[in-house]
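S.K.: I need the structure of the sequence given here:
(one chain, ligands or ions: 1)
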Amino acid sequence: ATTKTKIGNSEFRNCFMNAAGVYCYDKNELEQVINSAAGTFVTKTATLQSRSGNPEPRYHDTALGSINSMGLPNLGFDYYLDYLLELQKTHPDRTFFFSLVGMSTEDTHTLLKKVQESDFNGITELNLSCPNVPGKPQIAYDMETTENLLTDIFSYFKKPLGVKLPPYFDIVHFDQAATVFNKFPLTFINCVNSIGNGLVIEDESVVIKPKNGFGGIGGEYIKPTALANVHAFYKRLNPSIQIIGTGGVLTGQDAFEHILCGASMVQLGTTLHKEGPSAFERITNELKAIMDKKGYKTIEDFKGKLKYL
Ligand SMILES: O=C(O)c1[nH]c(=O)[nH]c(=O)c1I
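M.R.: Below is the predicted model:
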């Protein structure tokens, strides 16, 4: 079996990659993902200026997953663009993802216009779902703002673009969000970001410093929500808009379920943070074993073919 995949016009030797925020802060981490079994990488979400992020401790692993309130720490847009342009020379056969968001609508347009005017030939992921910047809402929970933003973006942005979405929890919200996304030539949507503003307690205390311990939840806790979002949008979106599945992937079986729900690419967040880049080879082999046992040669043989009772 092969776990190769395609997003837009780009082919990837493997359908696994990191989730933005994990193993993607600097060249050292990104190089490790390049040299792993992963098919590609996405950068830490970049803002116009570099950011130190929220006070520490701001990330905590638990037995079943993780909680984080990083606060968008990143080395700034230019650092990641320079590195991505360098990789286009050293790895011309590979396509990488660039995650970004502005601290204001104006900044978002400034960033995307810079990408549009640059020689970057990869795929851009606009993060509409960061839950951890105090005072900033998760953009994609406001459908009017999201529609207005995408309308303006697609008036000038002509390169492959996808959006990173927060989890939705109401069928009507799936309907409303899909109606908006179907209006635009999106290459993909990425479901889901962490479940925002959870609270983890050890003994009598919260475990992270920012926001009195409130932070985004990842890991085993969120797989049912992630699968539901992948499948809900898979059933509602124009087939031209592909789905990247993120959330709760620990094993090849979890990845199999994301693809069964309609994912064309699967991202590792908490699992990658805990296990390191060797997780890509382990999970790829586990998925291939499942495919071989079932007689599936490519992920297209079972993508989106979730059975109902
Ligand atoms: O706190 C973060 O940096 C962060 N943390 C997340 O869990 N998701 C996000 O999109 C972001 I930008």
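S.K.: quick one: the helices in this protein?
M.R.: Counting by DSSP state H, the chain has helices at residues 27-34, 77-90, 105-117, 143-153, 171-181, 223-236, 252-260, 270-275, 278-294.
S.K.: out of those, flag the one nearest the ligand.
M.R.: Each of these has some distance to the ligand by Cβ to the nearest ligand atom; the shortest is helix 270-275, at 9.9 Å. Placement of C-beta: from N, CA and C, glycine included.
S.K.: how distant is that closest one from the center of its chain?
M.R.: Mean-position distance between helix 270-275 and its chain equals 15 Å (Cα atoms, centre = their mean, to the nearest Å).
S.K.: which secondary structure elements does it contact?
M.R.: Here helix 270-275 touches strand 59-62, strand 65-68, strand 214-219, helix 278-294, going by 3 or more Cβ pairs under 8 Å, 6 or more residues apart in numbering; DSSP states H and E.
S.K.: thinking again about what came up before, distance to Gly304 for the helices of the chain - can I get that in JSON lines?
M.R.: Shown next, in JSON lines, are the helices of the chain (distance: least, Cβ to Cβ, whole Å):
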{"stretch": "helix 27-34", "distance to Gly304": "27"}
{"stretch": "helix 77-90", "distance to Gly304": "31"}
{"stretch": "helix 105-117", "distance to Gly304": "30"}
{"stretch": "helix 143-153", "distance to Gly304": "24"}
{"stretch": "helix 171-181", "distance to Gly304": "15"}
{"stretch": "helix 223-236", "distance to Gly304": "6"}
{"stretch": "helix 252-260", "distance to Gly304": "7"}
{"stretch": "helix 270-275", "distance to Gly304": "23"}
{"stretch": "helix 278-294", "distance to Gly304": "15"}
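S.K.: any chance of these in TSV, plus mean pLDDT, distance to Lys211 and mean neighbour count?
M.R.: Output for those, formatted as TSV (pLDDT from 0 to 100; distance: least, Cβ to Cβ, whole Å; neighbours: other Cβ atoms under 10 Å):
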stretch	mean pLDDT	distance to Lys211	mean neighbour count
helix 27-34	98	25	17
helix 77-90	99	25	16
helix 105-117	98	22	16
helix 143-153	98	22	16
helix 171-181	98	24	16
helix 223-236	99	21	21
helix 252-260	99	29	22
helix 270-275	98	19	21
helix 278-294	99	29	17
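S.K.: so which of those comes closest to Asn193?
M.R.: Set against Asn193 and scored by Cβ to Cβ, those come closest in helix 223-236, at 9.6 Å.
S.K.: do the closest one and the ligand meet at all?
M.R.: No - using Cβ under 6 Å from any ligand atom, we find that helix 223-236 stays clear of the ligand, coming within 12.9 Å at best.
S.K.: kindly report the residues of this structure close to the ligand.
M.R.: Contact residues, the chain versus the ligand (Cβ under 6 Å from any ligand atom): 21, 45, 68-72, 127, 129-130, 132, 193-194, 216.
S.K.: tell me which two in the residues you listed are the farthest apart.
M.R.: Across those (Cβ to Cβ), the longest gap, 15.3 Å, separates Ser69 and Asn127.
S.K.: return the set of residues that bridge with the residue in the stretch 201-309 of the chain that the ligand sits nearest to.
M.R.: For the stretch 201-309 of the chain, the residue closest to the ligand is Gly216, as judged by Cβ to the nearest ligand atom, at 3.3 Å. Applying DSSP bridges to Gly216 yields these beta-bridge partners: Asn68.
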